[in-house]
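[1] need a structure here:
(one chain, ligands or ions: 1)
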Amino acid sequence: MSLLSAEWTGRAPGRVNLIGEHVDYLGGIVLPAAVDRFTTVRGRPAPQWCLESAVPGGLPYAKALGDELEAAPQCLEVSSEVPPGSGISSSAALLVAIAAGLRPDLSGEEAALACQRAEQRATGVQVGVMDQFAAALGRCGHALLLDSASLRYRLVPFPEELVIAVLDSGVQRSLADTPYNQRRAEAEAGMPKRRRHVESEIDRVHQFVAALESAEVGRLGALLKASHLSLRDDFEVSTPEVDAIVERAWDAPGCLGARLMGGGFGGSILALVEAGSESPFREAMGGIPVMLCQTADGPFSSTEEPLSPRAPQELLGPEDGSPRWPR
Ligand code: GAF
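    Predicted coordinates:
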């Protein structure tokens, strides 16, 4: 840990979630991917924690992570390409970048769990581990299939002929100002509509992975649409603005499917678009901001070691990702 007395730099990506929404805090399986928008943090030891950034609000996250890692105070300079409040998890990118710079000796799993606890501590939002895991361990060319109960994971190749589009609903929000914790509590209590979403969504994750692995890209769109309808009607985390953009994307040229992404109540929309159709897709979306992304590496991902020593990446099958319900 000699790094704690020296200057350091850490860098981590934002993430998208292909499918598996509002299931990570219930032990479900999720399929996020790290994307090519990064947050970079330069740090050095200081008498007290301080943080300089064009985006306000990062200091409580940094301090909370410092507490989790039992790190001495640091002064941080943050620069980021991850737009805040837009649903690609700027908070996970910030936290994982700090963890990667301060404690590169950690495993990706340890770093992700520390960042998850820090986010919960800083915001009071009882987030799952998906975002931090994706930012830490995502791999270029892949999505990351994670069982959030066992933390076993494996990489799933992401087809080159697909482009990830993130659409901004224009409704920026912090999860702390949404009923995220309430939805989590309702789901944990086994409320029938919430439970129906969770069970059907986990099933869709399995189907989505099967479709990716058998190169049946046509099936992906129907699964995205079904996921959105379930988030809208059963989990009730969508908004009229988000629904209108999702439906517009469904009809746009080259779009396989689209859905609300992340915590919901605004934020962003994920669309999968056939490579080559980016321009007509963007045009059909009118003035709605479209960010085209590619998959990227997280700082704890090792291209030389496909199997994590700590989480044996056994194949995740239908028995994985069973939700935790009350007895
Ligand atoms: C947010 C949370 F941070 C994640 O843990 C996850 O629950 C997601 O909302 C919903 O799937 O991004």
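
[2] what count of nearby residues applies to the closest residue to the ligand within the stretch 151-300 of the chain?
    Of all residues in the stretch 151-300 of the chain, the one sitting closest to the ligand is Gly263 (3.6 Å; Cβ to the nearest ligand atom). Any C-beta I mention is one placed from the backbone N, CA and C, and that applies to glycine too. Residues lying near Gly263 (other Cβ atoms under 10 Å) number 22.

[3] that one should be in a strand, yeah?
    No. The assignment for Gly263, made by DSSP: H, G, I helix; E, B strand; the rest coil, is coil rather than a strand.

[4] OK, contacts around it?
    For Gly263, the contact set (Cβ atoms under 8 Å, 6 or more residues apart in numbering) comprises 22, 87, 175, 178, 180, 237.

[5] right, and the last one touches Gly264 too?
    Yes. Counting by Cβ atoms under 8 Å, Val237 does reach Gly264; the two are 3.1 Å apart.

[6] give the next helix or strand downstream of the top strand by length along the chain.
    Ranked by residue count under DSSP state E, the longest strand found in the chain is strand 29-45. Using DSSP states H and E, the helix or strand that follows strand 29-45 towards the C-terminus is strand 50-52.

[7] next, the angle strand 29-45 makes with the helix or strand following that following strand.
    Per DSSP H and E, strand 50-52 leads on to helix 59-69 as the next helix or strand towards the C-terminus. Angle, helix 59-69 to strand 29-45, by axes from the mean of the first three to the mean of the last three Cα atoms, to 10 degrees: 90 degrees.

[8] what helices and strands are in contact with helix 59-69?
    strand 50-52, strand 74-80, helix 90-102, helix 108-123 (3 or more Cβ pairs under 8 Å, 6 or more residues apart in numbering; DSSP states H and E).

[9] in the first one, which residues are buried?
    Right, strand 50-52. Leu51 (16 or more other Cβ atoms under 10 Å).

[10] any idea of the mean pLDDT for it?
    Taken as a whole, strand 50-52 has a mean pLDDT of 98.

[11] what's that strand packed up against?
    Short answer (3+ Cβ pairs under 8 Å, 6+ apart): strand 50-52 packs on helix 59-69, strand 74-80.

[12] could I have the CA atoms of the first one written out in PDB?
    Taking C-alpha atoms only, helix 59-69 is exported to PDB below (Å, rounded to 0.1, in the frame of the first residue of the first chain):
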ATOM      1  CA  LEU A  59     -16.900  14.600  -2.400                       C
ATOM      2  CA  PRO A  60     -19.300  12.500  -0.200                       C
ATOM      3  CA  TYR A  61     -18.700   9.500  -2.500                       C
ATOM      4  CA  ALA A  62     -14.900   9.900  -2.300                       C
ATOM      5  CA  LYS A  63     -15.000  10.200   1.500                       C
ATOM      6  CA  ALA A  64     -17.300   7.200   1.900                       C
ATOM      7  CA  LEU A  65     -15.000   5.100  -0.300                       C
ATOM      8  CA  GLY A  66     -12.000   6.300   1.800                       C
ATOM      9  CA  ASP A  67     -13.800   5.100   4.900                       C
ATOM     10  CA  GLU A  68     -14.600   1.700   3.200                       C
ATOM     11  CA  LEU A  69     -11.000   1.300   2.200                       C
END
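
[13] what are the contacting residues of it?
    Outside helix 59-69, the residues touching it (Cβ under 8 Å, 6+ apart) are 49-51, 71-74, 76, 91, 94-95, 98-99, 102-103, 114-115, 117-119, 121-123.

[14] buried subset of these?
    Of those, these count as buried by 16+ other Cβ under 10 Å: 49, 51, 71, 74, 76, 91, 94-95, 98-99, 102-103, 114-115, 117-119, 122-123.

[15] got the residues of the stretch 201-327 of the chain near the ligand?
    Proximity of the stretch 201-327 of the chain to the ligand (Cβ under 6 Å from any ligand atom) is limited to residues 262-263.
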